[in-house]
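Visitor: Predicted structure and sequence below. I'll ask about it afterward.
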Amino acid sequence: MTRAQPGTNTFSAERHTPILKTRSLREQVYEYLRDQMARGGLQPGAFLDLNDLARRLGVSRTPLREALLHLESQGFVTVLPRRGFLLNALTLDDIRHYYEIIGALEAAALRSAGPFLGPADFARMRVLDAAMADAVAARDFDRYYALNLAFHDVYLDGCDNSRLVAQVRLLKQRLYDWPRREGMVKAWEEHSVVEHEAFLRLLERGAISEAAAHLQNVHWSFAVQERHIHAYYFSNPQAGA
């Protein structure tokens with residue numbers, strides 16, 4: 001091994017821990033809050049007591065406040081002067097707007113990535129879609145949801161606009177992880193599997209523009225999906241199972 005010359009800033013890997021190895025306290029608090037939101041430990045419409053939460057987490061108010069400001073920038077909470085942090089509930093208008101944005105962004109991502117998709121990608125999407133159908137039959141929403149994300153990620157991962165993809169994934173978290181609902185609207189999930197099949201047939205024919213239009217005007221169309229949206233968000237999901 002070459003010996004470092006005097007006056008250089010060479011560090012020995014054996015003697016020093018990488019400086020940026022650990023997450024910041026703010027990041028850890030943020031991840032804890034997001035996990036609690038998804039699990040239902042923090043409910044939409046509630047106010048957060050920063051002193052109580054800081055005491056329970058064993059941290060100062062500073063990293064907690066920083067994490068909550070990050071959540072505010074993502075639309076999960078609202079800061080109200082002299083009142084604190086309100087955990088935002090999804091409204092029907094929120095959902096409509098998110099669908100419009102996701103549809104437009106996913107269509108744009110597909111137009112970018114579509115020409116580079118090939119048989120291996122289509123085969124993976126078919127496997128995922130079939131597994132989604134099995135998850136619906138088993139009423140396993142968590143598995144269905146993970147497979148659904150993976151299906152869309154096949155073409156999202158091929159898009160070179162990382163900011164676009166990050167925004168799509170954030171909005172999906174806002175739609176489905178606040179909190180994650182128990183049960184499923186079976187008719188909606190079954191319909192989504194059929195929509196995926198139609199989408200795949202377009203891709204396999206090389207009809208990228210038509211497939212992008214299908215994403216925006218059918219799969220992510222609020223008007224097309226509205227009855228299922230009402231059943232999922234504003235009634236007992238078990239009733240449609």
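Guide: Done, it's in.
Visitor: neighbours around Arg55, how many?
Guide: Arg55 is flanked by 11 other residues according to other Cβ atoms under 10 Å. To be clear about C-beta, it is placed using only N, CA and C from the backbone, and glycine gets the same treatment.
Visitor: Buried residues, the longest helix seen in the chain. List them.
Guide: Looking across the chain with DSSP state H, the single longest helix is helix 92-113. Buried positions in helix 92-113, judged by neighbour count with 16 or more other Cβ atoms under 10 Å: 95, 98-99, 102-113.
Visitor: Repeat that for stretch 33-42.
Guide: Result for stretch 33-42 [16+ other Cβ under 10 Å]: buried residues 33-34, 37, 42.
Visitor: what does stretch 198-207 give?
Guide: Result for stretch 198-207 [16+ other Cβ under 10 Å]: buried residues 199-200, 202-203.
Visitor: and of these, the nearest to Phe234?
Guide: Ranked by distance to Phe234 (Cβ to Cβ), these are led by Phe199 at 27.0 Å.
Visitor: my read: that closest one touches Glu210, true?
Guide: No - contact criterion Cβ atoms under 8 Å: Phe199 and Glu210 do not qualify, at 9.4 Å.
Visitor: all strands in the protein, in order from the N-terminus.
Guide: 47-48, 77-80, 84-87 (DSSP state E).
Visitor: partner strands of the second one, parallel or antiparallel?
Guide: This points to strand 77-80. strand 84-87 (antiparallel) (DSSP bridges).
Visitor: Check the first one too.
Guide: Each strand that pairs with strand 47-48, with its direction, by DSSP bridges: strand 84-87 (antiparallel).
Visitor: domains of the protein?
Guide: Per the record, the chain has its domains at 25-87, 92-240, by automatic domain parsing.
Visitor: how about those domains in TSV, adding mean pLDDT?
Guide: TSV is the format used below for these (pLDDT from 0 to 100):
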stretch	mean pLDDT
domain 25-87	91
domain 92-240	93
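Visitor: okay, those, which one's buried deepest?
Guide: domain 92-240 (a mean of 17; mean count of other Cβ atoms under 10 Å).
Visitor: distance between that domain and the chain's centre?
Guide: 11 Å (Cα atoms, centre = their mean, to the nearest Å).
Visitor: gap between the closest residue to Leu147 other than its chain neighbours and Met184?
Guide: Nearest residue to Leu147, sequence neighbours excluded (Cβ to Cβ, 6 or more residues apart in numbering): Met132, at 4.7 Å. Distance of Met132 to Met184, computed by Cβ to Cβ, to the nearest Å: 11 Å.
Visitor: Can you pull the residues that touch both of the two?
Guide: Tyr144 (Cβ atoms under 8 Å, 6 or more residues apart in numbering).
Visitor: Format the strands of the chain as TSV; extra columns: distance to Ser162.
Guide: Shown next, in TSV, are these (distance: least, Cβ to Cβ, whole Å):
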stretch	distance to Ser162
strand 47-48	31
strand 77-80	25
strand 84-87	28
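Visitor: my read: Asn161 touches Leu110, true?
Guide: No - applying Cβ under 8 Å, one finds Asn161 not in contact with Leu110, separated by 11.6 Å.
Visitor: right, and Glu182 touches Asp140 too?
Guide: No - counting by Cβ under 8 Å, Glu182 does not reach Asp140; the two are 11.5 Å apart.
Visitor: which neighbours do these two share?
Guide: Common contacts of Glu182 and Asp140 (Cβ under 8 Å, 6+ apart): none found.
Visitor: Which residue ranges of the chain form helices?
Guide: Using DSSP H, helices in the chain cover 25-39, 50-57, 61-73, 92-113, 119-137, 141-156, 162-176, 186-204, 208-214, 222-233.
Visitor: before we move on, the earlier item: mind picking the two most distant members of the buried residues of stretch 33-42?
Guide: Pairwise distances across the buried residues of stretch 33-42 (Cβ to Cβ) peak at 9.3 Å, for the pair Arg34 and Leu42.
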